[in-house]
Structure formats: structure tokens, C-alpha cells
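Engineer: Okay, sequence plus prediction incoming.
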2 protein chains.
Amino acid sequence: MSANLDRFHAVIPAGGVGSRLWPLSRATAPKFLHDVAGTGETLLRSTWLRLVPLCGEDRIMVVTGCAHADEVRRQLPELRDDGIVLETEGRDSSAAIGLAAAILERRSPGAVIGSFAADHLVHSDVRFRRAVREAVAAAEAGWIATIGIQPVEPSTAFGYIRAGSPLEVEGAPSARNVEAFVEKPKLATARRYLVSGEYLWNAGMFIARAATLLEVLAEHEPELAAGIAEIADAWDGPEREATVARVWPSLKKIAIDYTVAEPAAKEGRLAVIPGFFGWDDVGDFAAVSRVHLGAGDNDINVIGDPGRVVSTGSTGLVVSQTDRVVAVAGIPDVVVVDTPDALLVTTRAGAQDVKQLVEQLKESNHPEVL
Amino acid sequence: MSANLDRFHAVIPAGGVGSRLWPLSRATAPKFLHDVAGTGETLLRSTWLRLVPLCGEDRIMVVTGCAHADEVRRQLPELRDDGIVLETEGRDSSAAIGLAAAILERRSPGAVIGSFAADHLVHSDVRFRRAVREAVAAAEAGWIATIGIQPVEPSTAFGYIRAGSPLEVEGAPSARNVEAFVEKPKLATARRYLVSGEYLWNAGMFIARAATLLEVLAEHEPELAAGIAEIADAWDGPEREATVARVWPSLKKIAIDYTVAEPAAKEGRLAVIPGFFGWDDVGDFAAVSRVHLGAGDNDINVIGDPGRVVSTGSTGLVVSQTDRVVAVAGIPDVVVVDTPDALLVTTRAGAQDVKQLVEQLKESNHPEVL
């Protein structure tokens, strides 16, 4: 299996504003740059540390926006200069992961790549890596592999993967055929999925030979694939900047789920490795609160200095990024996010409405806090 | 009636921290110095403006702590130099009002004084002044008069005054005999009081000839009265500071309700004028919120710049003293008080627990925010 990992490169798409995590997550400093889970590491840094044992510091590529380059390099000082792909503008995941695949295939023909979002939380890194090793083995065997998360609740926030029959893949004993991707379900359907045991959450983790991934992409989005190839050809030469400036803005904005994963599933080329490692996309403050409830015994969990928080008759979460005293009385499941220029007050149940507040702020006189 | 008012002096005791209004109200800047009701005027200033038409700017005396002298003078630039009595330390209302009475009696023998707290809210100044005029007439006729507030709910937060038979006092047609003062009741009792129509709230408004008030005080607290007299004798001479330093700290700390009002009621010397002017002691954020609900149509009432507040699925009150954006989602009856060094998050129902938070903060590492 170690032979497999020698050709394995991790790609970390580091994008997405995470507007339901405003005001912690901002356009200028999105979710992945923050320690939203209060672990002591930012989500990007913990993603990096989770992957280093699999592919070393030299075979990790981060794809992120130009605006975040400095902070990404600050958080990942070990990142190689050629390990960062900077997007002049976001063109969605097909372009981002496709370009990384194309660059890596040119640099290391036969490379296997795995893409792992920069802003997810994993509890057991060891189990995560075991799943990735299986996925790499399946990729080496020609499959496009995904890691599907074993559901722990009937979530309506994620797309699902319907797992089919077990595959006989050496080094990937738990690999199963993917029958279909299904969109975010309604609650009743999600309950059925949970009970059936046949459905896994789609966490957007795709592992494949770079060449295979690009081949599927070219079959279904030939223009996009050609644009990516053109940029990749120029990437490690003097024409990079000019080619990016010319081609990148023209690339179709589309998620890789639609250009690679779903077509591959339909063609029977997609394998899934069930993941049992404790995963959370920490998509809103209810999730942040949930992640923290596991950790602390206190009524109020604090990200920041707990010495500056007092409460009575309250439970929940206080995120403190200022040196102010925060006092909470009589609100169960409260969520308070105290930052220098913006304050959010809600509850776990209200956390999903934060996106609405962000929309209001876009229309307000204070878009500068977004 | 105008003859009466020529001898009428208003005394404004401006003390009390109002800890249930923290972090708006602080030890260094208590409730009366703030526009807690969002009227555009501080409570002290609106008390002053309410009284000026009765006694002019020259016959109002403010009794407050030395620490607040500058801010009181800033808010009341018309206040005469000899119209402020500064307490080196708080000795409760018998000493505060007693000293004001003694000073005024020496300066203007035959003076009638009325004491009105600096931190209450009155809706109809016109009706308030009509009640005061009746009280002054009763005082001129020898009574110690109080203005009792017509209850609008079965409050357990106030002491009550049981009104007796109508008195025949010229210029005070609604004056009634006071049968008794009763302590803050339980809810069932308060409901009975409300229905009976015989009970009024004690708002601590006492109007009497200064000499009469001091006479009752001397009967029941001779040492305290003697101490007050000693200071008053020295007040307008060169020995003021030395006398205050020697005598003031020794004065008994006791509310005027116990030294004057209750004894006078027992002796049948107390008259009450029912007040129908819309009164609120704005004792906690539930009261602040209530006061504001009457004013605005918005889901969230804002004291501060409403342009910086966004909300969804929420009602209540935001007090904004910073230039931060405040965003609230999914909390009915929320109360958010955003100040530069402290943040309070609660609900109208939780407002009474703020005092508890203040107690916690006293024991914490951050008493500086109190």
C-alpha cells in the first residue's frame, strides 16, 4: 500500500465564505482560516496536519483565492511555493480541482489526487487516513473513489450517496459501488435513508488518478477541460499569468459533483469508502455549538477567554474575539459571537437564519462587515 | 396657588447605581446620567426639565456623589453653584434629603421642599406638575404630602401606600389621608391591591415644609437630625468641608420612608395625592423594553443607530453604544446591550437576573466593567 501513497497528492480547495458563520467567517477571512471549532488550530491547518502523514509536506496543493494567499502561507509555513494555486476569482470546484489535477499530472504523470475541503472537521485523523488509504487503493485500481460519511442523524443539509454492492478491490476491503448521488432530501426521506444503512453523506472527498478525473471531465465538459489544460500547460512556464488572465475567467462555474462524480456514478466507475471518523462541516453555529458541547462541561462554552464570560440561566456558545466582558442571562442554547466590528446574537435553532442576516447586511449601509 | 410655588424648592436625590441596568448603568456613570429610555434626554435632565416650570432653575437642588459632580453640571449647565450638594459617600435618603431640607430652611425660612428621584420616567409632565401643585398646597397646609402612583399592574417591585378618606385641603382637591405604607407584596396581594383601588405605588416623592420634615425626623432619629443640623449650620460658611468630613460619615444610613414617611403616616400627618401621569422607575431592561415598545413599530427597538442593527425572527431591544453592527436572529424579547467594554445578552424575562451577573462580576477578574 505504501507504493500507492508515493503517487498520492492531496488537493485542498480552500474557498467558500461560510456565510452562516458570520461574523466569525468573513469574505476577507473565511471559515477555513479560523479555529471555528475551538481546537486550537484553524480548520485549514488541521486539514493540512491530517494529510501530511499520508503525502508529506511536498505533495499537498492548496487552491485558494489570491486574497487569502498571505494568510494561507502564514498558517502553512511548510507549504511549498509550487504547492499553492491562486485563483484570481472563484470558478467553482470543477475548475479548481481540475486545474490542480492537470498541473499535478503534468508534474508527476500517474499521480493519484484526493481532494479534501479546507473547512471540515474530522475527529479521528487515524480513521480518516485509513479510509483515504482504501480510497487511494481503489483509485490505483482505476476507480474514481469517494469517501462517504456514515450519517449520525437524518440531516437535510447534505447530499447523499447510495452505496451499492461491495467491490473486490485489493487494499480497499470496504469499497462499494456507488449507485447514485441524491440531492439534499426532506426530513422524512432523510430518516428513511438513515434507517436503511445504504446511504452516506457526500462530503465532497474525491480520490482518483488525475488522468482519470480529467478524462471524465473532458467527456462531459470538453470546453472546461480544454481551458484547464491550456492553463496547466502554461502553469510552470513564463506564460502562466497571461494564460490565467485570458482563460480562467471564461471557465464554466460548476461543481465537480455534476461534471465528474455523478457522470462517473452513472457509468459505474465510482466507488465509495464508508467513513466512520466523526465528521462535521461546521456549517453554522449550531454545528459549532454541537462540536463544543462534546468538549466542555460548562453551561456556556467559550471560544476565547472564559474568564471574561459570566452567565446565569443560560447554555450555549460564546465566541469572544474582543477583550470585552460578555454577560448572558436567561437564554438557553444561546449563541453570541463578539468581534471587533460586528456582534451576532442568536440561538442554536436560529443559527440557520444567519445567512438571512448576511443578505440583509449586503443591502445595508454596512457591507464592510461581511 | 402661585404664592405656594414661590416658596417651593425641588430636591433631586441623584444616587443609586441601578445594577439591573448594567452595563448601561455603571458605578462611575449610574442610571440617572443616561438616556435609558431613549427619549433623547438623560433621566436626570428630563427630571430637571419637568421641575423647572414649577420652581425655576434657581430653586432646584441636586444631591449626588462627588464622583458625579462634573457630569451632573455638564448635563445641567443651568444648575446654580449653590444648588448642588455633593456627598463624599452615600448615607441613604434620610441624610441626603434631610441635609437639603436643612440647608434650604436656613437659606429660605418657610421653604416647602419636594424630593423627586433623578432616575424615574414620567410620561405626562403636565399631569405630574398638577399633582405636585396639589402636594405643595397640602404641604403649605401643614401636611407631609406624597404623590402615590396609580398602579397599572399588580407589581411586586414597589411598596404601596394605602389611601384613606379624602381630606379637605384648599388647592389639593384629590388629597387623601395615608392609612399606612406597606412593603412590597406577593403577587396575590398585589392583585388584591390593584382591584381594591385603595392602594398606590410609593415612588418616594415627598413634599413638605422643610421645617416639618426636619421636625418629624428629629422626633424619630434625633442623632441623625442633630448631625444634619450641624452640617447645615456650617454649609454656607468656611467650615463646610471640615464639618462634612467630621460629621457626614457618622450619619445613620436609613431610608426616609422609615424616618419620616411611616412615622408621619402613623401620626395621621401624611397626605397622598394620587398620580396619573404615567410613571416608570425603569428599573431593569424589561422596563426599558416596555417603555420603548410603546414608541416604535419595529420588531427590534434600538437605542442608538438603528442603521447598524439587523434582525430576523426577533423582537425586543438593542442598546448600541459602539459603532459595531449588531445582528440578531431567532430570539423573541431579546435584550442586547452593546457597550465598548461589556456586552449583555438577555431577554425581557431574564432582565431581573442581571443583578446576579453583576454580583458574579464583582467576584470575577473584571470588576472594572461594573
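Structural biologist: Cool, got the structure.
Engineer: ranges for the helices of the stretch 1-150 of chain A?
Structural biologist: For the stretch 1-150 of chain A, applying DSSP state H, counting those that start in this stretch gives helices covering A:2-6, A:43-55, A:69-75, A:92-107, A:125-140.
Engineer: Just the buried positions in stretch A:254-269, please.
Structural biologist: A:254, A:256-257, A:259-265, A:269 (16 or more other CB atoms under 10 Å in any protein chain shown). To be clear about C-beta, it is placed using only N, CA and C from the backbone, and glycine gets the same treatment.
Engineer: closest to A:Val326 out of the helices of the stretch 1-150 of chain A?
Structural biologist: The minimum distance between A:Val326 and these falls on helix A:43-55, with 23.5 Å, by CB to CB.
Engineer: any idea of the mean pLDDT for that closest one?
Structural biologist: Over the span of helix A:43-55, the pLDDT mean works out to 96.
Engineer: repeat for stretch A:171-185
Structural biologist: Mean per-residue pLDDT for stretch A:171-185: 95.
Engineer: So which bits of it are buried?
Structural biologist: Buried residues in stretch A:171-185, counted by 16+ other CB under 10 Å: A:171-172, A:174-179, A:181, A:185.
Engineer: Please state the offset of it from the chain centre?
Structural biologist: A distance of 18 Å separates the centroid of the chain from that of stretch A:171-185, by CA atoms, centre = their mean, to the nearest Å.
Engineer: And the contacts of it?
Structural biologist: A:1, A:4, A:133-138, A:140-141, A:143, A:145-146, A:156-167, A:169, A:193, A:199, A:202, A:257, A:261-262, A:265, A:268, A:270-274 (CB atoms under 8 Å, 6 or more residues apart in numbering or on different chains).
Engineer: Filter these down to the buried ones and hand me the PyMOL line.
Structural biologist: To isolate the buried ones among those in PyMOL, judged by 16+ other CB under 10 Å, type:
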select buried, chain A and resi 4+133+134+135+136+137+138+140+141+143+145+146+158+160+161+162+163+164+167+169+193+199+202+257+261+262+265+270+271+272+273+274
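Engineer: ok, which of the contacts of stretch A:171-185 also contact chain B?
Structural biologist: Near chain B, judged by CB under 8 Å from any CB of the partner chain, there are no entries from the contacts of stretch A:171-185.
Engineer: Tell me which of the contacts of stretch A:171-185 fall in strands.
Structural biologist: Here DSSP state E is the test, and those give A:145-146, A:160-166, A:199, A:202, A:270-274 as lying in strands.
Engineer: Tell me who's in contact with the residue in the stretch 151-300 of chain A positioned nearest to chain B.
Structural biologist: Across the stretch 151-300 of chain A, the shortest distance to chain B (CB to the nearest CB) belongs to A:Phe285, at 9.5 Å. The neighbours of A:Phe285, taking CB under 8 Å, 6+ apart as the test, are A:20-21, A:317, A:335, A:337, A:344, A:346, A:348, A:351, A:354.
Engineer: Sticking with A:Thr243, tell me its helix or strand.
Structural biologist: Secondary structure from DSSP states H and E places A:Thr243 in helix A:240-247.
Engineer: Repeat that for A:Ser289.
Structural biologist: Under the criterion of DSSP H and E, A:Ser289 resides in helix A:285-293.
Engineer: Give the next helix or strand downstream of that helix.
Structural biologist: The helix or strand immediately downstream of helix A:285-293 is strand A:300-303, counting by DSSP H and E.
Engineer: Rounded mean pLDDT for the following helix or strand past that next one, please.
Structural biologist: Toward the C-terminus, strand A:300-303 is succeeded by strand A:309-312 as the next helix or strand (DSSP H and E). Across strand A:309-312, pLDDT averages out at 93.
Engineer: Show me what strand A:309-312 is packed up against.
Structural biologist: Judged by 3 or more CB pairs under 8 Å, 6 or more residues apart in numbering or on different chains; DSSP states H and E, the packing partners of strand A:309-312 are strand A:300-303, strand A:325-329, helix B:354-363.
Engineer: neighbouring strands for that strand, and are they parallel or not?
Structural biologist: Applying DSSP bridges to the sheet, strand A:309-312 is found paired with strand A:325-329 (parallel).
Engineer: Quick check: residues of the stretch 251-370 of chain A near chain B?
Structural biologist: Contacts of the stretch 251-370 of chain A with chain B, taken as CB under 8 Å from any CB, map to A:307-308, A:310-313, A:323-331, A:334, A:336, A:338-347, A:349-351, A:353-354, A:356-357, A:360-361, A:364-366, A:369.
Engineer: if you set the cut-off to 6 Å instead, what comes out?
Structural biologist: Proximity of the stretch 251-370 of chain A to chain B (CB under 6 Å from any CB of the partner chain) is limited to residues A:307, A:310, A:312-313, A:324-330, A:336, A:338, A:341-347, A:349-350, A:353-354, A:356-357, A:360-361, A:365-366, A:369.
Engineer: Out of the residues you listed, which end up buried?
Structural biologist: A:310, A:312-313, A:324-330, A:336, A:338, A:342-347, A:350, A:353-354, A:356-357, A:361, A:366, A:369.
Engineer: Among the helices and strands packed on strand A:309-312, single out whichever gets nearest to A:Leu217.
Structural biologist: For A:Leu217, the closest of the helices and strands packed on strand A:309-312 is strand A:300-303, at 39.3 Å, according to CB to CB.
Engineer: what does the average pLDDT come to for that closest one?
Structural biologist: Averaging pLDDT along strand A:300-303 gives 88.
Engineer: Which strands border it, and is each parallel or antiparallel?
Structural biologist: Paired strands of strand A:300-303, with direction, are strand A:316-320 (parallel) (DSSP bridges).
Engineer: Counting neighbours, which bits of the strand it pairs with end up buried?
Structural biologist: Quick answer for strand A:316-320 (16+ other CB under 10 Å): A:316-320.
Engineer: pLDDT added to these, as JSON lines?
Structural biologist: Output for the buried residues of strand A:316-320, formatted as JSON lines (pLDDT from 0 to 100):
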{"residue": "A:Gly316", "pLDDT": "91"}
{"residue": "A:Leu317", "pLDDT": "92"}
{"residue": "A:Val318", "pLDDT": "93"}
{"residue": "A:Val319", "pLDDT": "92"}
{"residue": "A:Ser320", "pLDDT": "92"}
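Engineer: A:Val319 pairs with what?
Structural biologist: Beta-bridge partners of A:Val319, counted by DSSP bridges, are A:Ile303, A:Val337.
Engineer: right, and it touches A:Val337 too?
Structural biologist: Yes. A:Val319 is within contact range of A:Val337, at 4.4 Å (criterion: CB atoms under 6 Å).
Engineer: what residues do these two have in common as contacts?
Structural biologist: Common contact partners of A:Val319 and A:Val337 (CB atoms under 6 Å, 6 or more residues apart in numbering or on different chains): A:Leu24.
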